[in-house]
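Novice: Let's see this in three dimensions:
(one chain, ligands or ions: 2)
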Amino acid sequence: MDKQVKQAYEAAKALYAQHGIDTDAMLNKLADIKVSVHCWQGDDVKGFLNQEGELTGGISVTGQYPGAATTPSELRADLEQAFALIPGKHKVNLHAIYTDTDEQVELDQIEPKHYENWVKWAKEQGLGLDFNPTCFSHEKSSDGFTLSHPDPEIRKFWIDHCKASRRIGAYFGEQLGQTCVTNVWIPDGFKDNPVDRMSPRKRLKDSLDEVFAEPLNPKHNLDAVESKLFGLGSEAYVVGSHEFYMGYGLQNNTLICLDAGHFHPTEVISGKLSSLALFTSGILLHVSRPMRWDSDHVVIMDDELLEIARELVRHELLGTTHIGLDFFDASINRVAAWVVGTRNTIKALLRAMLEPVDALKQAEVAGDYTTRLALTEEFKSYPFGAVWDYYCAQQGVPVREQWIKEVKSYEQEVLQSR
Ligand SMILES: C[C@H](O)[C@H](O)[C@@H](O)C(=O)CO
Ligand SMILES: [Mn+2]
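Specialist: Ligands and ions are numbered 1, 2, ... in the order given. Coordinates of the predicted model:
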């Protein structure tokens, strides 16, 4: 390890120790945290089932940066490159459209065999896998409705797709010895004010009951449901709102997924964790960065990211929270997008672990808000960067911005020839 990195770490360690913070212990804890890295940043949410099809469902990717993955092997190679620059061992989050097969399979007919190569690769790489049914970018969702569709045949198609997806999730979990989280998100909603808000929700509830009817081993698969406030073309009404899924998840014991971009622009998910955690067995996060809307920008070290990390650390929610990422930016190198967003998420967790939580809580309980504010502010310039650098070196990944040149040479050697 670089001498300077080590020296800076030792100095930082001594400073934190004065507040009873054991940096070595925190780094061991950090190494156990898995972030679920979403495959869809690598190819602009196209997938491999119908690559030429349009991205629908009220989500959008902008940018023309060259080098998007066009095959499962390319996507895996890009992910490997990203993971070589991210400390720790993590998970990959797949959508159903990321089949690896020559078969032209329909979404309601997908089977574990269509994802076998992903499992083989995940085993080789020591990664876990998560899964999502893809209820968009399909002719049967072209009018904006899937599980809440008024036509029972279309609804059945999507129910069967979600059922098949859960079985694939269970197969991932069983094969990899790591629980797979299968997350259901649907785009269903209206562009303009509906007359009947209730009936689509009733249909969605019934559909979900069918989807989740088959009992699966929770060691292999955990179900999650993801709400949203609005999408492109569903500005007035989304069937699967926060209230809907909060009720559904609590009543049916599924994980509730909070996507940072799925609420009103000034509403933050960090503030929701301590409430939800009291009533659920677990939470799924989609860490994202909404800019004025659900824009899915790459995650940066902003106040909300740090606040999410603090909530997880301060209330000991790391054991029951599944941390997934959800952003897609095609205006920059896509491998770099993964690296920036994932490194920041892990770094934010480390920053939160290096705060004097007990002292801050004591000050708060004693009504000493002066100390609470002063200590919080002073800790913002404590040398967490030196601890982070040491962690990267310890984990065998580039320290600080050293990783950028690796992404640049990968771009030259691999991405540019695509
Ligand atoms: C592709 C993802 O499933 C999708 O982004 C979903 O999670 C979402 O957040 C939709 O806005
Ligand atoms: Mn999401």
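Novice: middle-most residue in this protein, spatially?
Specialist: Closest to where the C-alpha atoms of the chain average out (Cα atoms, centre = their mean) is residue 324, at 2.0 Å.
Novice: I figured that residue was touching residue 299, is that so?
Specialist: No. Using Cβ atoms under 8 Å, residue 324 is not in contact with residue 299, being 11.3 Å away. (Each C-beta comes from the backbone N, C-alpha and C, glycine too.)
Novice: shared neighbours of those two, anything?
Specialist: Counting by Cβ atoms under 8 Å, 6 or more residues apart in numbering, the common neighbours of residue 324 and residue 299 are residue 287.
Novice: Provide a list of residues in contact with the residue nearest to residue 23 when sequence neighbours are not counted.
Specialist: Once flanking residues are discounted, residue 23 sits nearest to residue 13: 4.6 Å by Cβ to Cβ, 6 or more residues apart in numbering. Neighbouring residues of residue 13 by Cβ under 8 Å, 6+ apart: 23-24, 387.
Novice: Quickly note the distance from the closest residue to residue 147 other than its chain neighbours to residue 158.
Specialist: Take residue 147 and drop its neighbours on the chain: the residue closest to it by Cβ to Cβ, 6+ apart is residue 207, 4.0 Å away. Remark: distance between residue 207 and residue 158 (Cβ to Cβ, to the nearest Å) = 7 Å.
Novice: Which one's more surrounded, the two?
Specialist: residue 158 (26 against 22; other Cβ atoms under 10 Å).
Novice: Check which helices and strands the strand or helix carrying the more buried one sits against.
Specialist: For residue 158, the host element (DSSP states H and E) is helix 152-176. Other helices and strands packing on helix 152-176, by 3 or more Cβ pairs under 8 Å, 6 or more residues apart in numbering; DSSP states H and E, are helix 116-125, strand 128-132, strand 180-184, helix 198-211, strand 221-226.
Novice: Within its local environment, how many residues does residue 34 see?
Specialist: 17.
Novice: for ligand 1, what are the nearby residues on the stretch 201-350 of the chain?
Specialist: Contact residues, the stretch 201-350 of the chain versus ligand 1 (Cβ under 6 Å from any ligand atom): 226, 228, 259, 286, 294, 326.
Novice: Sitting in strands, which of the residues you listed do you find?
Specialist: 226, 259, 286 (DSSP state E).
Novice: hang on, isn't the last one packed against residue 225?
Specialist: Going back to what we said before, that points to residue 286. No. Using Cβ under 8 Å, residue 286 is not in contact with residue 225, being 12.0 Å away.
Novice: Tell me the residues that contact both of the two, please.
Specialist: residue 257.
Novice: quick one, helices of this protein?
Specialist: 3-17, 23-31, 72-83, 116-125, 152-176, 198-211, 242-252, 270-276, 303-314, 334-353, 357-365, 369-379, 384-394, 402-413 (DSSP state H).
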